[in-house]
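In: the following block contains a protein sequence and its predicted model.
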Amino acid sequence: KAGVTQTPRYLIKTRGQQVTLSCSPISGHRSVSWYQQTPGQGLQFLFEYFSETQRNKGNFPGRFSGRQFSNSRSEMNVSTLELGDSALYLCASSLEGGPMSPLHFGNGTRLTVT
Amino acid sequence: AQSVTQPDIHITVSEGASLELRCNYSYGATPYLFWYVQSPGQGLQLLLKYFSGDTLVQGIKGFEAEFKRSQSSFNLRKPSVHWSDAAEYFCAVGALGAGSYQLTFGKGTKLSVIP
């Protein structure tokens, strides 16, 4: 079974631009979560989608948004990029979300904002 | 709100030596506890999890962890470290609240292994 696939692996953007990251979950997984990983803050939860609905959201500004499609694939968008948005963005999928469905992570998208 | 503390930012051990990575959590109810490992350039891989029952849990790659409620700890151990264990390790606590579930990670412990 294929793992979680994130595209692209690397992105370089300029301040003020917007960016869209894509995540394809493991087949059959309906929950997709997004995390931001930085050296200073560690792993921070962005949001979770389940059956095309945002089920949970972390403490990030409205510039960070996401969506999930009917095939469970998910995208996250960051508008008006800031230097501080440079990070590794990790997507994780699970069967149903919740503690009984462990997260399976992709290898991430490394975003650099200049 | 739940929180996780991993007191050691970086640990160096010799190959073949034993390993213990510390994790302390803060959560009002019975926690769901996890250890993940991240190799350079990779995502996170689940090593083991604790939900209830036996407080000593076995995971993949020869790792185990012990849940101690009285100390709010969930330390990760391995009796003999291999060079391939060099990676960053994350402890996480899952909590249910207001109809949603969220996983909170510690800041991680980077493990270096001396051949």
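Out: Nice, I can see it.

In: residue in chain A nearest to chain B?
Out: A:Phe105 (3.3 Å; CB to the nearest CB). Every C-beta, even on glycine, is put in place using the N, C-alpha and C of the backbone.

In: contact partners for that residue?
Out: With contact set as CB atoms under 8 Å, 6 or more residues apart in numbering or on different chains, A:Phe105 has these partners: A:4, A:90-92, B:36, B:43-45.

In: swap in A:Tyr49?
Out: Residues in contact with A:Tyr49, defined by CB under 8 Å, 6+ apart, are A:31-33, A:55, A:66-68, A:74.

In: I'd like the average pLDDT over stretch A:25-32.
Out: Averaged over stretch A:25-32, pLDDT sits at 95.

In: how about stretch B:19-36?
Out: 92.

In: quick one: the residue nearest to the spatial centre of chain A from A:Gly108, how far?
Out: Nearest residue to the geometric centre of chain A (CA atoms, centre = their mean): A:Trp34, 3.2 Å. Using CB to CB, to the nearest Å, A:Trp34 is found at 10 Å from A:Gly108.

In: overlap in contacts, the two.
Out: A:89-91.

In: which one of those residues has the most neighbours?
Out: Using other CB atoms under 10 Å in any protein chain shown as the neighbour criterion, A:Cys91 leads these with 30 neighbours.

In: just checking, B:Leu48 touches B:Asp54?
Out: No - assessed by CB atoms under 8 Å, B:Leu48 is found out of contact with B:Asp54, at 11.9 Å.

In: for those two, indicate the residue with more neighbours.
Out: Neighbours were counted for B:Leu48 and for B:Asp54 using other CB under 10 Å; B:Leu48 has more, 19 against 9.

In: just after the helix or strand harbouring A:Leu46, pick out the following helix or strand.
Out: Per DSSP states H and E, A:Leu46 falls inside strand A:42-50. Once the chain leaves strand A:42-50, the next helix or strand it forms, by DSSP H and E, is strand A:53-57.

In: all helices of chain A, in order?
Out: Applying DSSP state H to chain A gives no helices.

In: output the below-cut-off pLDDT ranges for chain B.
Out: Residues of chain B that meet the criterion pLDDT under 70 lie in B:97-99.

In: show me what from it comes close to chain A.
Out: B:32, B:34, B:36, B:41-46, B:49, B:51, B:90, B:94, B:96, B:100-108 (CB under 8 Å from any CB of the partner chain).

In: just the buried ones from the residues you listed?
Out: B:32, B:34, B:36, B:43-46, B:49, B:90, B:94, B:101-108 (16 or more other CB atoms under 10 Å in any protein chain shown).

In: now, those that are in strands?
Out: Judged by DSSP state E, these include B:32, B:34, B:36, B:44-46, B:49, B:90, B:94, B:101-105 as members of strands.
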